[in-house]
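Asks: Take this sequence and fold it.
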Amino acid sequence: EGHASGVNAVGWSPDGGVLASGDGGGGVRLWDPVSGECLRTLEGHASGVRAVGWSPDGGVLATGGGDGGVRLWDPVSGECLRTLEGHTDFVRDVSWSPDGRTLTTSSDDRSIRFWEASSGRLIATIVPLRDGAAVVGPDELSYKMTGNPAGELWWTIGLCRYEPGELDEFVPEMQRFPDDAPLSALSTLNRSPE
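Replies: Numbers count the residues shown, from 1 in each chain. Model (predicted):
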C-alpha cells in the first residue's frame, strides 16, 4: 500500500529482489517483495506511469508515462539519469535488448522508437501503415519503407503534398535505404564520432 492513485504498471527486477510499480499520478515505487516495505519513491512524470522495465542487469529502471516521456532511473540512488523525449502520447511499453544497449518504447502516438540506452540517442522510429511500415532515422532524412504507404505518409511543404520518395532526387541529404537494411544503417548519418 502507498500509491495515491491506481497502479498501472508493475515489473520485477531481473533477480526478483525488487518490484517496481507505477501509478496514475506519475509516481513509481520500488518495493521489497518479502517485507512489503517501500524502498524508494521516484517522481518525475507529469502524468500517469503506464510502463516499467528493468535493464537486464537490474542497474537501470525505465518508466514510460502519460506525458509521452521515458525516464531512466538509477534504482539505488533514485536519481533520474536521463529523459527520452519524442513520443507525443502515452508510452505504453518499454523493453530492453538482451545486452541492455538498446531500449524500445511504444506509444499511443502509433510509433515505436529505438534508443541507445547509454546516451539516450534516438536510433530510429517505426510508424505502422495500413499496408506495411515506415522506418525513419533520427535525422528524419534517412528512411526505408515496406508495403504501400500511399496516402498515409507524406511530407508537406507550403500547400503542396509530396508522397514518400517524390522529393528524394531534389533533396541531396535524403537517403532511402533498402527494405532489408538494418536499423543501425539509418542511424549512422547522425552518429557522433566515438
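Asks: Tell me which residue of this structure is furthest from the middle?
Replies: Relative to the centre of the chain, and counting by C-alpha atoms, centre = their mean, the farthest-placed residue is residue 35 at 32.6 Å.
Asks: So that one versus residue 61, what's the distance?
Replies: Counting by C-beta to C-beta, to the nearest Å, the gap from residue 35 to residue 61 is 20 Å. (C-beta placed from N, C-alpha, C; glycine too.)
Asks: Spell out, range by range, the helices that occur in the chain.
Replies: Assigned by DSSP state H, the helices in the chain fall at 183-187.
Asks: what about the longest strand in the chain?
Replies: In terms of residue count, the longest strand belonging to the chain (DSSP state E) is strand 121-129.
Asks: Now do it: which elements does it pack against?
Replies: strand 112-116, strand 132-136, helix 183-187 (3 or more C-beta pairs under 8 Å, 6 or more residues apart in numbering; DSSP states H and E).
Asks: Please identify the most buried of the ones you listed.
Replies: strand 112-116 (a mean of 20; mean count of other C-beta atoms under 10 Å).
Asks: Now do that strand: everything it contacts.
Replies: 70, 84, 86-87, 101-107, 121-126, 183 (C-beta atoms under 8 Å, 6 or more residues apart in numbering).
Asks: which among these end up buried?
Replies: Using 16 or more other C-beta atoms under 10 Å as the burial test, the contacts of strand 112-116 include 70, 84, 86-87, 102-107, 122-126, 183 as buried.
Asks: residues in contact with the spatially most central residue of the chain?
Replies: Using C-alpha atoms, centre = their mean, the residue of the chain that lies closest to the mean C-alpha position is residue 105, 2.9 Å off. Residues counted as contacts of residue 105 (C-beta under 8 Å, 6+ apart) are 51, 62, 64, 70, 84, 87, 91, 93-95, 112-113, 115.
Asks: now swap in residue 102 and tell me
Replies: Here residue 102 is in contact with 96, 114, 115, 116, 117, 123 (criterion: C-beta under 8 Å, 6+ apart).
Asks: Number of residues surrounding residue 27?
Replies: 21 (other C-beta atoms under 10 Å).
Asks: Please report how far it lies from residue 65.
Replies: In this view, residue 27 and residue 65 are 10 Å apart by C-beta to C-beta.
Asks: Residues that sit against both of the two, list them.
Replies: With C-beta under 8 Å, 6+ apart as the test, residue 27 and residue 65 both reach 45, 49.
Asks: Leaving out sequence neighbours, find the closest residue to residue 149.
Replies: Leaving aside its chain neighbours, residue 149 sits nearest to residue 129 (5.2 Å; criterion: C-beta to C-beta, 6 or more residues apart in numbering).
Asks: The one you found bridge partners, please.
Replies: Assessed by DSSP bridges, residue 129 has beta-bridge partners residue 132.
Asks: in terms of contact, does it touch residue 135 like I think?
Replies: No. Counting by C-beta atoms under 8 Å, residue 129 stays clear of residue 135, with 10.8 Å between them.
Asks: overlap in contacts of these two?
Replies: With C-beta under 8 Å, 6+ apart as the test, residue 129 and residue 135 both reach residue 145.
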